[in-house]
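sharing a sequence plus its predicted fold:
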Amino acid sequence: MVEAKITVDLYCNWTAEPKAYRVYFDDDLLTERTYLWRNTEQYVQENIIVLAEPGQHSLKITPVDRSFGGFLMGKVTVNGQPASANQIVL
C-alpha cells in the first residue's frame, strides 16, 4: 500500500442555493460537502490523503443533484506533481 496526497482545485457556478458534491477515489465515496462560495473566480482546494495499492487510479467529483452541471475540476496533483483526475498513478 502507498500513501499519497491528492489535491484538486474545484470551481462551482451556482446561483439559487449552495450545491453539494461527492468526492470518489476509484469507486469509493470519500466525502460529501456543500460548496458555499458564489464567486466563480474562487475555488476550493480539496486535499485528499489516500492509502491504496500501487497502480493507476481515478478521482471523480459529482454533484449530489445530478441535474446540476456547474462543478469544474481544475489543477490536480499527486504528492505535489501534476496529474490527471482520470490517471492518478501511485
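Everything's here; your move.

secondary structure element for the residue nearest the centre of the chain?
Nearest to the geometric centre of the chain sits I61, at 4.8 Å (C-alpha atoms, centre = their mean). Here I61 sits within strand 59-63, counting by DSSP states H and E.

any idea how far apart the tips of stretch 36-44 sit?
Stretch 36-44 stretches 10 Å from its first residue to its last (C-alpha to C-alpha, to the nearest Å).

for stretch 36-49, that is, sorry about that
End-to-end distance for stretch 36-49, by C-alpha to C-alpha: 23 Å.

got a list of contacts for it?
Contacts to stretch 36-49, defined as C-beta atoms under 8 Å, 6 or more residues apart in numbering, come from residues 3-15, 18, 23, 25, 30, 35, 59, 61, 74. For the C-beta atoms, the positions are set from N, CA and C on the backbone; glycine is no exception.

now, the residues you listed that are in helices?
Here DSSP state H is the test, and the contacts of stretch 36-49 give no hits in helices at all.
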